[in-house]
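Trainee: got a predicted structure here, sequence first:
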Number of protein chains: 2
Amino acid sequence: MSSVIETLAGIVGAAHVLRGEDASGYEQDWRRRAQGRALCVVRPGSTQEVAAVVQACAAARVAIVPQGGNTGLVAGSVPDGTSTQVVLSLRRMAAVRAVDPHNMTITVEAGCILQTLQETADAAGFLFPLSLGAEGSCTIGGNLATNAGGTQVVRYGNARELCLGVEVVTAQGQVWDGLAGLRKDNTGYDLRDLIVGSEGTLGIITAATLRLYPKPAAQLTAWAAVPSLEDANRLLGLAHQQLAAGLTGFELMNQFALGLVDRHYPQLRVPMWREQPWCVLLEISDHESEAHARGLFERLLETAFEQGIVADAIVAESIKQAHDLWHIRESITLAQVEEGFNIKHDISIPVSRIPDFVRAADAALTQAVPGVRFVNFGHLGDGNLHYNIQAPAEGDSRAFVQQHEEQITGIVYDTVSAFGGSISAEHGIGELKRHKLPLHKSPVALDLMRAVKTAFDPLDILNPGRVLAPQG
Amino acid sequence: MSSVIETLAGIVGAAHVLRGEDASGYEQDWRRRAQGRALCVVRPGSTQEVAAVVQACAAARVAIVPQGGNTGLVAGSVPDGTSTQVVLSLRRMAAVRAVDPHNMTITVEAGCILQTLQETADAAGFLFPLSLGAEGSCTIGGNLATNAGGTQVVRYGNARELCLGVEVVTAQGQVWDGLAGLRKDNTGYDLRDLIVGSEGTLGIITAATLRLYPKPAAQLTAWAAVPSLEDANRLLGLAHQQLAAGLTGFELMNQFALGLVDRHYPQLRVPMWREQPWCVLLEISDHESEAHARGLFERLLETAFEQGIVADAIVAESIKQAHDLWHIRESITLAQVEEGFNIKHDISIPVSRIPDFVRAADAALTQAVPGVRFVNFGHLGDGNLHYNIQAPAEGDSRAFVQQHEEQITGIVYDTVSAFGGSISAEHGIGELKRHKLPLHKSPVALDLMRAVKTAFDPLDILNPGRVLAPQG
């Protein structure tokens, strides 16, 4: 093993091979669910160095765990506990290689922080729409490897839809330059989309060419209280119809989730949450003017009000007020932590089936584990709910979670499957969900996935045991 | 072989196994570039029958050529001349399985004609935006298998971007039901996009769940004469900026192409073509009103006129006039035929590099083959040109094409590669371009493609020799 470390130091320089205490920041995941031990952390500075690192590891049969900002939620980018896996950090490869205004594309290296990418696009007069909680520290390589979602998916799609091309180092240490930046290319199989979302198990993304969008002239945010999930769905349909591509955000929050924010952060002044069981946060992006956007929003909310879909609503009067509304939505996660331990699920369901799903899942859980509380919020426009279960108000929440997590998650996932949904909408599989996957995914699809993995990485050195659990 | 035919007849019924004269309509491609001979044509009526057919063929090591509407342009869906391949026609599987308004999806079988799909979506109050010349006879299964493009890609993307899920029969005759209709699903590798665009070589698409969009309140068409390709690019950038997602069409046509339409179809009254070297057809879709759309269009064209980007422009005053303008654009292909034989190329280039590419390719061809004439038109918004070469005005155009096609296509493709483009933007590879692919595609990507093919179809029975030429 020490000869591998020496070889890697020869490739990237001894200063960029970290061990012991220096490596510890790369060995634990963001949610502190997994604590590994790496053989070493290697930080290449170029695509060629990544390729040489992979070749060296392949020759020595040493496994590689690619890592970006290490903000993933499924323990997919930290090593196991055996001290035999090399963490390959892409963080040094953070350059913006090119902005092409007429092609409306930007080409960046994998280690570029998402926020830097957003800011670079903005400075060039464009919007890069991927936006999520960890944007200040996650990297675009990680976003693509996990096909990140976020709050703008209803309009712009997931990370996959924003990507026109990738540069990849294969498991054989070869470089595939797929960065062409073409909007149409039918010369063979879609390797780009196979790599995107494969969580570092099929190849290592070293750079990407991404779509840019025109910057809107104005963005407005509204907040509406709705009587039922059916009404939330009707409001979503109406918003699609009236705003079309102007609808860039549609977030749903249940009363209990907003009540937690109100209890733990009363200074945020959550609006309307006591009135109705659900609130919705809507965002419109407009390419004409703020006045035009406001007119469209008011027409939408008036129609919804007349139809009884919306009980009450406000349109933010200032950017500050809009930020405050988004801040409430984003504070749900921390309010849950303040309240105690909880069990998270990141699921998706066809939008039309969400009301029935929530009723069925709520009922099954209430019957199985009396006292559970439902923190239900998410991106309704994408059918994506963060359907989280908070321990009962009384008692030790940590003990509750330890005792009931397996059972509760089983019930949630079984209900998701019964409604044709996905047990991981935007977070991926990683290490944490790999054993659940075979229970909820078509065996035909799993066989095809295993065939792809074996074809791309016959030595099983790229992030082994992630996504697909070891067999036998 | 006769026992295979009997087995197939036992699966689908003898009436749905065609031979001899009955099979001839399935043996020649639409462009009459390839004339094959099938062992038989089999027309299954259900996914289960498709699976049984594949199992029977796999057991007998008989190759299968999946076929939809047989409107492809690269001879990818007709059998070879050996009378040993079975054509599997999906045309009987044409049902619309479901329309889900709240999920904004439609689920259809592979043999559904594109126009039927458009009309079904329209009747349900939605838009299915895929639109192309063959829409009256092509099938959605074929559209997905070839990742079809068309005229709305600048806003809605290719067939790939419109597809949320597929049902597929694998090379082993197993059924993968991937029809969930989810907008977010990160449970493993993106098998959907691997199948889409694989031209029937990795699996047989039997059904698909597709995105629907809100129907616009108004659509308007404009026609503008522009002095240069750089100006066309500037107009495109301005249109993105001012119209954003309202821009649903941006078609470029050169003077020679429009001159051919004028010569052979003078009744179409081509506007402005004598004034400037290029004309552009723009389409806007608006969710408010025709008046609003007209205001946006007029503002755009005024700005462009003031900046000297546009020399002259009209906005169609009626739906009839808009159709007439589109009809001119769509008549270029037939006008070329009237003029004589020509050599077609379906290429893409990063939008920003198109002016330099066209100058370089025009110059190289003019030098190599004096007298060639350039029919250059296409979807500029996607960087996709149909860069076609018409034989010189004098002489036998058929002989010219026979003599020069290889040389001319070689020059075009080499120039495309030099500018980082694709030799097949929207038509695919099929049989016609499979020998060109290795000259213009990364060997690393080709190796990965071959690994995928072998992993999915180890017996090489699904559309063998298409996309990837036989090796050795």
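Mentor: Received the coordinates, thanks. Numbers count the residues shown, from 1 in each chain, chains lettered A, B, ... in the order given.
Trainee: let me know the outermost residue of chain A.
Mentor: A:Ser3 (37.3 Å; CA atoms, centre = their mean).
Trainee: contacting residues around that one?
Mentor: Neighbouring residues of A:Ser3 by CB atoms under 8 Å, 6 or more residues apart in numbering or on different chains: A:Ala60. For glycine as for every other residue, the C-beta is placed from the backbone atoms N, C-alpha and C.
Trainee: now do the buried residues in the host helix or strand of it.
Mentor: Here A:Ser3 sits within helix A:2-12, counting by DSSP states H and E. Neighbour counts over helix A:2-12 (16 or more other CB atoms under 10 Å in any protein chain shown) mark A:4-5, A:7-8, A:11-12 as buried.
Trainee: relative to the helix or strand following that helix, what are the paired strands and their orientations?
Mentor: As assigned by DSSP H and E, the chain's next helix or strand after helix A:2-12 is strand A:17-18. Partners of strand A:17-18 in the sheet, by DSSP bridges, are strand A:38-42 (antiparallel).
Trainee: and the next helix-or-strand element following the partner strand, what's buried?
Mentor: Moving toward the C-terminus from strand A:38-42, the next helix or strand (DSSP H and E) is helix A:47-60. For helix A:47-60, the neighbour count (16+ other CB under 10 Å) marks A:47, A:49-58 as buried.
Trainee: how about stretch A:135-145?
Mentor: A:135, A:138-145.
Trainee: which one of those residues is nearest to B:Val369?
Mentor: When the buried residues of stretch A:135-145 are ranked by distance to B:Val369 (CB to CB), A:Leu144 comes first, at 43.4 Å.
Trainee: can you give me the distance of that closest one to A:Ile195?
Mentor: 8 Å (CB to CB, to the nearest Å).
Trainee: any common contacting residues for these two?
Mentor: What both A:Leu144 and A:Ile195 touch, as defined by CB under 8 Å, 6+ apart, is the set A:166, A:205.
Trainee: which residue, other than its chain neighbours, is closest to A:Val369?
Mentor: Nearest in space to A:Val369, with sequence neighbours left out and distances taken as CB to CB, 6 or more residues apart in numbering or on different chains, is A:His404 at 5.5 Å.
Trainee: near chain B, which residues of the stretch 301-450 of chain A are found?
Mentor: A:348-353, A:379, A:381-384, A:420-429, A:437, A:440-442, A:444-449 (CB under 8 Å from any CB of the partner chain).
Trainee: kindly write the PyMOL command that selects the buried subset of those residues.
Mentor: Burial among these is assessed by 16+ other CB under 10 Å; the matching PyMOL selection reads:
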select buried, chain A and resi 348+349+350+351+352+353+379+381+382+383+384+420+421+422+423+424+425+426+427+428+429+437+440+441+442+444+445+446+448+449
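Trainee: just the residues of the stretch 301-450 of chain A next to chain B: which are in strands?
Mentor: A:348, A:379, A:384 (DSSP state E).
Trainee: these into TSV, with extra columns for distance to A:Leu130 and pLDDT?
Mentor: Below are these laid out as TSV (distance: CB to CB, whole Å; pLDDT from 0 to 100):
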residue	distance to A:Leu130	pLDDT
A:Ser348	18	98
A:His379	13	96
A:Asn384	15	97
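Trainee: of the residues you listed, closest to B:Ser228?
Mentor: A:His379 (43.9 Å).
Trainee: shouldn't A:Leu132 be in contact with A:Gln115?
Mentor: No. Using CB atoms under 8 Å, A:Leu132 makes no contact with A:Gln115, being 10.4 Å away.
Trainee: between the two, who's got more neighbours?
Mentor: A:Leu132 (18 against 14; other CB atoms under 10 Å in any protein chain shown).
Trainee: contacting residues around the nearest residue to that one once chain neighbours are set aside?
Mentor: Spatial nearest neighbour of A:Leu132, excluding adjacent residues (CB to CB, 6+ apart): A:Gly150 at 3.5 Å. Taking CB under 8 Å, 6+ apart, we find A:Gly150 in contact with A:130-133, A:426.
Trainee: so can I have CSV of those showing secondary structure and pLDDT?
Mentor: Below are the contacts of A:Gly150 laid out as CSV (DSSP: H, G, I helix; E, B strand; the rest coil; pLDDT from 0 to 100):
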residue, secondary structure, pLDDT
A:Leu130, coil, 97
A:Ser131, coil, 95
A:Leu132, coil, 93
A:Gly133, coil, 90
A:Glu426, coil, 94
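Trainee: for the residues you listed, which one is nearest chain B?
Mentor: Closest to chain B out of the contacts of A:Gly150 is A:Glu426 (5.3 Å), distances taken as CB to the nearest CB.
Trainee: gap between the nearest residue to A:Ile389 once chain neighbours are set aside and chain B?
Mentor: In this structure, A:Ile389 finds its nearest non-sequential neighbour in A:Ile343, 4.4 Å apart by CB to CB, 6+ apart. Counting by CB to the nearest CB, to the nearest Å, the separation of A:Ile343 from chain B is 19 Å.
Trainee: is it true that A:Ile343 touches A:Val401?
Mentor: Yes. A:Ile343 lies in contact with A:Val401 (CB under 8 Å); the separation is 5.9 Å.
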